[in-house]
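Novice: My questions are about this predicted structure, shown below with the sequence.
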Amino acid sequence: MPAVDQRLLDILCCPATRQPLTLASDRDLDAINAAIRAGSASTVSDASAPARIEAALVTRDRKLIYPVEDGIPVLLPERAISANSITDFPA
């Protein structure tokens, strides 16, 4: 079962930039979780990122990452993880 229903994904957009969102790949999630473990991943509000991310949505320009918790996208701009804080995040 996908982390987010495709019909929902088709209509969602980033609340900050209005860009379309795509589901993060396994490679994306590996980079995000490695940065979280290293303590270098942070949200745009400079808070620590959650302990581990099982699924996420990424903006088209790949600058913002929104966690998905229990199949529900958390589209709060202050909870978005900045891709700039993740050294190995795929471009």
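Specialist: Arrived safely.
Novice: By mean pLDDT, flag the weakest helix or strand of the chain.
Specialist: In the chain, no helix or strand scores lower on mean pLDDT, DSSP states H and E than helix 6-11, which sits at a mean of 87.
Novice: can you list contacts of that helix?
Specialist: Helix 6-11 has contacts (C-beta atoms under 8 Å, 6 or more residues apart in numbering) with 21-23, 57, 73. For the C-beta atoms, the positions are set from N, CA and C on the backbone; glycine is no exception.
Novice: what's the longest helix in this structure?
Specialist: Assignment by DSSP state H gives helix 26-38 as the longest helix of the chain.
Novice: Centre of the chain to that helix, how far?
Specialist: Offset of helix 26-38 from its chain centre (C-alpha atoms, centre = their mean, to the nearest Å): 10 Å.
Novice: So which elements touch it?
Specialist: strand 55-59 (3 or more C-beta pairs under 8 Å, 6 or more residues apart in numbering; DSSP states H and E).
Novice: Not including adjacent chain positions, what is the nearest residue to the most centrally placed residue in the chain?
Specialist: The centroid of the chain falls nearest to residue 65 when counting by C-alpha atoms, centre = their mean (2.4 Å). Nearest residue to residue 65, sequence neighbours excluded (C-beta to C-beta, 6 or more residues apart in numbering): residue 81, at 4.2 Å.
Novice: With residue 6 as the reference, measure out to that neighbour.
Specialist: From residue 81 over to residue 6 the distance is 23 Å, taken as C-beta to C-beta, to the nearest Å.
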